[in-house]
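K.L.:
Build me a model:
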Amino acid sequence: MSVSLPPDLAEFLENRARERGTPVSAELAEIVSRERAADEQQRLERALALDAEDNRGFARAASHAAREAFGEPEW
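P.N.:
Below is the predicted model:
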């Protein structure tokens, strides 16, 4: 794979690799891996938020049906 970067990003990547004593490709792979993990986390959070909304809707509907069937609770 060949990647072209703007000069400032290429310099950052090369300096970082030099400071850490690792190949540029390893540094790039680490950065991309972190971004992938962050993207997956965001997708999971969006899915959980949608699921939570569905669950709230179900709970509202179920509580209404339960009140109709059993009346209000006497605490």
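K.L.:
ranges for the strands of this protein?
P.N.:
Under the criterion DSSP state E, the chain carries no strands.
K.L.:
quick one: average pLDDT of the lengthiest helix in the chain?
P.N.:
Taking DSSP state H as the assignment, the helix of the chain that covers the most residues is helix 24-70. For helix 24-70, the mean pLDDT works out to 88.
K.L.:
what helices or strands is it leaning on?
P.N.:
Applying 3 or more C-beta pairs under 8 Å, 6 or more residues apart in numbering; DSSP states H and E, we find helix 24-70 packed against helix 7-20. Placement of C-beta: from N, CA and C, glycine included.
K.L.:
Tell me the buried residues in the helix it packs on?
P.N.:
13, 17 (16 or more other C-beta atoms under 10 Å).
K.L.:
which helices and strands sit right next to it?
P.N.:
helix 24-70.
K.L.:
Would you mind getting the angle between the longest helix of the chain and helix 7-20?
P.N.:
Interaxial angle, helix 24-70 versus helix 7-20 (axes from the mean of the first three to the mean of the last three C-alpha atoms, to 10 degrees): 100 degrees.
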